[in-house]
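Participant: Sequence and predicted structure are below.
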Amino acid sequence: MLERIYRQLFDHYGPQHWWPAETPFEVMVGAVLTQNTAWTHVERAIDNLRQADLLNPAAITALDQSDLADYLRPVGYFNIKAKRLQALTRFLIDHPQLNSLETDELRQQLLSVHGIGPETADDILLYAYQRPVFVVDAYTRRLFGRLGLMDREASYENLRHAFEAGLKQDAQMFNEYHALIVMHAKTVCRAKPVCDNCCLRRRCAYFCEALKA
DNA sequence: AACCAGGAGACAT
DNA sequence: ATGTCTCATGGT
């Protein structure tokens, strides 16, 4: 079932080449900045940091928090995210050799960092460390909830385990799967009030008929 | 002009 | 354990 939907999305949209970033560190920065935020805004904030030559842990750690926040304005929540970004960079500086940890241990370590919750941790595990973890986001809940395959109200961990149990533990495939779900959500049902395929916006009632069969 | 975006922490119940 | 508030800019 989960396999079938993956293939259907992949056949329709093709490979997504995620995560859109140059380095693992840039993946982590993007993962924090994109929390409840559109990616186009994140790109501008990361651009700001790159122009100022700040796209490394040492530089961000050394910055004054309110100065960092100014570079982050486009993403919203800039004060909170400045604090979270510095918590991340300090953690990375204090913990070299994270890649040598087992996935479960690494996940626990990431979750202990201020501002890194379950989804952000899994973004980092999957897209920065290529670990086979399934990322559950709001779109995933809506899509599979509307398909009647998952309980929208289930906890993050339960949903994640449900996906991981139903699929081959393949980091590359998990990578594409999450990216395809996001692409699917971004693509469909924009202009027309009624669409033939589906919509994943909060208040849109249209189902994903094409994925149901 | 609302509505929403690739969430997480603090706090109360 | 579970529910509600808050954080905030910029698109459509």
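Facilitator: Cool, got the structure. Residues are numbered from 1 along each chain as shown, chains lettered A, B, ... in the order given.
Participant: do you know how far the residue nearest the centre of chain A is from DNA strand B?
Facilitator: In chain A, the centroid-proximal residue (Cα atoms, centre = their mean) is residue A:123; its distance is 4.7 Å. The spacing between residue A:123 and DNA strand B, counted by Cβ to the nearest atom of the strand, to the nearest Å, is 6 Å. Glycine gets a C-beta too; all of them are placed from N, C-alpha and C.
Participant: excluding its backbone neighbours, what's nearest that residue?
Facilitator: Using Cβ to Cβ, 6 or more residues apart in numbering and skipping the chain neighbours, the partner closest in space to residue A:123 is residue A:31 (4.0 Å).
Participant: which residues of chain A fall in helices?
Facilitator: For chain A, the helices defined by DSSP state H occupy A:2-13, A:24-33, A:39-51, A:57-62, A:65-71, A:78-94, A:103-111, A:118-127, A:138-146, A:156-165, A:171-187, A:209-212.
Participant: what comes up buried for the last one?
Facilitator: The one in question is helix A:209-212. residue A:211 (16 or more other Cβ atoms under 10 Å).
Participant: and that helix, average pLDDT?
Facilitator: Computed over helix A:209-212, the mean pLDDT rounds to 74.
Participant: For it, which helices and strands make contact with it?
Facilitator: Helices and strands in packing contact with helix A:209-212 are listed as helix A:2-13; criterion 3 or more Cβ pairs under 8 Å, 6 or more residues apart in numbering; DSSP states H and E.
Participant: and chain A, which residues reach DNA strand C?
Facilitator: Near DNA strand C, the residues belonging to chain A are A:36-38, A:40-41, A:73-81, A:153, A:155, A:190 when assessed by Cβ under 7 Å from any atom of the strand.
Participant: Mind checking which of those are buried?
Facilitator: When burial is judged by neighbour count using 16+ other Cβ under 10 Å, the buried members of the residues of chain A next to DNA strand C are A:37, A:41, A:74, A:75, A:78, A:81.
Participant: want to try a markdown table for the residues you listed, with distance to DNA strand B and pLDDT as columns?
Facilitator: As requested, these are exported to a markdown table (distance: Cβ to the nearest atom of the strand, whole Å; pLDDT from 0 to 100):
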| residue | distance to DNA strand B | pLDDT |
| --- | --- | --- |
| A:37 | 5 | 98 |
| A:41 | 7 | 98 |
| A:74 | 10 | 98 |
| A:75 | 8 | 98 |
| A:78 | 11 | 98 |
| A:81 | 8 | 98 |
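Participant: for those residues, which one is nearest residue A:133?
Facilitator: Using Cβ to Cβ, the shortest approach to residue A:133 within these belongs to residue A:37, at 21.6 Å.
Participant: Now for residue A:36: which residues touch it?
Facilitator: Residues touching residue A:36, when contacts are defined by Cβ atoms under 8 Å, 6 or more residues apart in numbering, comprise residue A:77.
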